[in-house]
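**Student:** fold the following, please.
(2 chains)
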Amino acid sequence: MDGLVVTDADRRRYARRHLAGRIALYVIAVLSALAAAGPFVWAAITTFKQDSDLYRRRNNPFVFNETPTNDHIDLLFNRTGFATFAWNTLWVGVLVVLITLVLSLPAAYSLARLDRPWSGRMGIAIFFVYLVPPTLLFLSLSRLVVALGLQDSTWSLVVIYPTITVPVSVWLLIGFLKTIPKDIEEQAMVDGYSRVGAMVRVVAPLLFPGLVAVVVFAFTLTASEFIYALAFISPSAEKVISTGVPTELVRGDVFFWQSLQAAAVLVAVPIALVFNLFLDRFIAGFTQGAVKG
Amino acid sequence: MGAPSAERVEQAPARASVQLARRRLADRDGALAWLFVSPAVVYILALVGLPFVLAIAFSLSDVTGGDPSFDWVGLQNFERIFADPVFWRSLRNTFVFTAVSMLLIVVFGKVLANVLIADFKGRWLVRFLVLLPWTTPVALSTITWLWMLDSVFSPIDWVLRTAGLIQTNMFWLGVPHLAMASVITVHVWRLVPLAAVIMMAGLLSIPKDVQEQALVDGAGYWRRMFEITIPLTAPVIAISALFGAIFTFTDMTVVYVLTRGGPTNETQVLASWAFFRGIEGSDIGQGAAIALFLFPLLLAAAIAILRAVRRMEIG
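**Tutor:** Numbers count the residues shown, from 1 in each chain, chains lettered A, B, ... in the order given. Presented below is the predicted three-dimensional model:
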């Protein structure tokens, strides 16, 4: 095909195809949004339902057949440890993110930049650590946690969670570092910076998108972790969201459905909002980094 | 952080020599390489390596929750779990769960990634809604599903009933195949957003001129998809599939919250079975043996996929 001669028929076909593409795009976008957020919409409706409305099989579950009520949110905040769980999740997350950065940034820099003969193998070894799953380690780790005197304390999670986040972060950061040209440090070192100085003052700022990606990723992983939190901690006051909410609001066979749903929505929305703020940066970093690896 | 000049050699001789010494260390790549990598390595050795060895030891011992003393029993735990039909059922379920989930996650993730990188009105809202399942702590989102799949009050059943498609409720979590389908659905629902984000990164990394050139050359949508997009993003898809498969293979949260392995172990996976045996059943030796069984399988899968990716990058 010549590619230069465009007939009317071609143009019309192209326009039709374009329109069909746009329609398909919107349809899939709306369907995906519904599929992803549907359970949360349903949860939000449930939250405000009275028991008599909720537990009637014939009632339309998507509308309020009786007046909405705030009681269940009140129960969640005032008669369960929800606020404590949220606070525990937050500070555990922040500390884990800090530890992760302190451990993984120098490690990634060393593996990506200070070419040692062992760099490549060490990088793969650290990646393989990610393959050792929590389900394999929680039995022996719970022993270790007892030996450290951290059983039933939220601190056990602060100590253990970096084992999940550090390997992933090192791996991500190596990818990001590869996108920053080496000349930048060399130039800085010619200008009188030491290696460490160049790393801290010149490379770290350029690495910012990568650091953001690591922070967001590590925090999301930490907030969502379930197995260690379940295996290590039993007192309510020390629990985090992911274990505290199910155990406090499910008593034997009694599920406090409305409050459970309220908790899910209240936690989901802020994390998703923050994540969305950083999404483009996250993807940009990912693109330049890990992919071209 | 100070100004750059603070780093330069100072006037005062004493300070200068201290700084020179520091400079020398700060410039010695060999020493720095070790210094930088060792905290992470020590941390990992202490909290992954040591527990890993301990897990192997547990699997060869008769340690239980009630009797923590360590007695060597050789491969007895393995013999016992191999003799247990629940183990084989869990193993089979793990494979079914992982294979079906991964297939669906890769396909849906790809479609979703294509949608999310396109420009359209309301993109921000769609992105926000689509990412919700992944950013919500899994235990909470699974509870929402537990309520959606309730045997009496399920809204899904209500819709189907009202539409006249079913007469009685489906009992999603009470019927073996439906329970498995439910567990897979929830898991897929939760991981598709992450897969989509990773694949978006892959799609965006394709140089624009390659796509444009193909368009100019008259390649249609599907042709571009199969001859450019998919080959160029294959390494990313493989890596996200690797992460996803490992994660799925070893995950038990959805099973734990939704079905607790039921009905009658029909949805039990190795990870949840190890947890029930090891923590709730207090038989640490057997729990460790079951959990350890995951490892060689993971290793094989990881090596296979990494090899495939490397071959693609060279080719």
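
**Student:** so is stretch A:144-164 next to chain B?
**Tutor:** Yes. For stretch A:144-164 and chain B, the contact criterion (Cβ under 8 Å from any Cβ of the partner chain) is met by A:Leu144, A:Val159, A:Ile160, A:Pro162, A:Thr163. C-beta: built from backbone N, CA, C; applies to glycine.

**Student:** just the CA trace of that stretch, in PDB.
**Tutor:** This file holds the C-alpha atoms of stretch A:144-164, laid out as PDB (Å, rounded to 0.1, in the frame of the first residue of the first chain):
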ATOM      1  CA  LEU A 144      11.800 -15.900  66.800                       C
ATOM      2  CA  VAL A 145       9.300 -13.200  67.700                       C
ATOM      3  CA  VAL A 146       8.800 -14.900  71.100                       C
ATOM      4  CA  ALA A 147      12.600 -15.200  71.500                       C
ATOM      5  CA  LEU A 148      12.900 -11.400  70.900                       C
ATOM      6  CA  GLY A 149      10.200 -10.800  73.500                       C
ATOM      7  CA  LEU A 150       7.900  -9.100  70.900                       C
ATOM      8  CA  GLN A 151       5.000 -11.500  70.900                       C
ATOM      9  CA  ASP A 152       1.600  -9.800  71.100                       C
ATOM     10  CA  SER A 153       3.200  -6.500  70.300                       C
ATOM     11  CA  THR A 154       2.700  -4.400  67.200                       C
ATOM     12  CA  TRP A 155       6.500  -3.900  67.200                       C
ATOM     13  CA  SER A 156       6.900  -7.500  66.000                       C
ATOM     14  CA  LEU A 157       5.300  -6.300  62.700                       C
ATOM     15  CA  VAL A 158       7.700  -3.400  62.500                       C
ATOM     16  CA  VAL A 159      10.600  -5.800  62.800                       C
ATOM     17  CA  ILE A 160       9.200  -8.500  60.400                       C
ATOM     18  CA  TYR A 161       7.500  -6.500  57.600                       C
ATOM     19  CA  PRO A 162      10.800  -5.200  56.100                       C
ATOM     20  CA  THR A 163      11.600  -8.700  55.200                       C
ATOM     21  CA  ILE A 164       8.800  -8.500  52.700                       C
END
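
**Student:** my read: A:Ile180 touches A:Leu206, true?
**Tutor:** Yes. The pair A:Ile180 / A:Leu206 is scored as a contact, 5.1 Å apart, by Cβ atoms under 8 Å.

**Student:** residue contacts, the residue of the stretch 201-315 of chain B found nearest chain A?
**Tutor:** Nearest residue of the stretch 201-315 of chain B to chain A, counting by Cβ to the nearest Cβ: B:Thr250, 3.3 Å away. When contacts are counted by Cβ atoms under 8 Å, 6 or more residues apart in numbering or on different chains, B:Thr250 touches A:Pro133, A:Pro134, A:Thr135, A:Leu136, B:Ala271, B:Leu294, B:Leu298.

**Student:** and these, which of them are in helices?
**Tutor:** Cross-referencing these against helices under DSSP state H gives A:Pro134, A:Thr135, A:Leu136, B:Ala271, B:Leu294, B:Leu298.

**Student:** chain center to the lengthiest helix in chain B, what's the gap?
**Tutor:** Among the elements of chain B assigned as helix by DSSP H, the one spanning the most residues is helix B:85-117. The chain centroid and the centroid of helix B:85-117 are separated by 11 Å under Cα atoms, centre = their mean, to the nearest Å.

**Student:** in the helix or strand following that helix, what counts as buried?
**Tutor:** Proceeding C-terminally, helix B:85-117 gives way to helix B:123-135 as the next helix or strand, assigned by DSSP states H and E. Neighbour-count burial for helix B:123-135 flags B:Val126, B:Arg127, B:Phe128, B:Leu129, B:Val130, B:Leu131, B:Leu132, B:Pro133, B:Trp134, B:Thr135 (criterion: 16 or more other Cβ atoms under 10 Å in any protein chain shown).

**Student:** which members of those additionally contact chain A?
**Tutor:** Contacts with chain A within the buried residues of helix B:123-135, as defined by Cβ under 8 Å from any Cβ: B:Val126, B:Arg127, B:Phe128, B:Leu129, B:Val130, B:Leu131, B:Leu132, B:Pro133, B:Trp134, B:Thr135.

**Student:** now render those residues as JSON lines, adding pLDDT.
**Tutor:** Shown next, in JSON lines, are these (pLDDT from 0 to 100):
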{"residue": "B:Val126", "pLDDT": "92"}
{"residue": "B:Arg127", "pLDDT": "90"}
{"residue": "B:Phe128", "pLDDT": "92"}
{"residue": "B:Leu129", "pLDDT": "93"}
{"residue": "B:Val130", "pLDDT": "92"}
{"residue": "B:Leu131", "pLDDT": "90"}
{"residue": "B:Leu132", "pLDDT": "92"}
{"residue": "B:Pro133", "pLDDT": "92"}
{"residue": "B:Trp134", "pLDDT": "90"}
{"residue": "B:Thr135", "pLDDT": "88"}
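
**Student:** pull out the buried residues from stretch B:48-67.
**Tutor:** In stretch B:48-67, residues buried by neighbour count (16+ other Cβ under 10 Å) are B:48-49, B:51-52, B:54-56, B:58-64.
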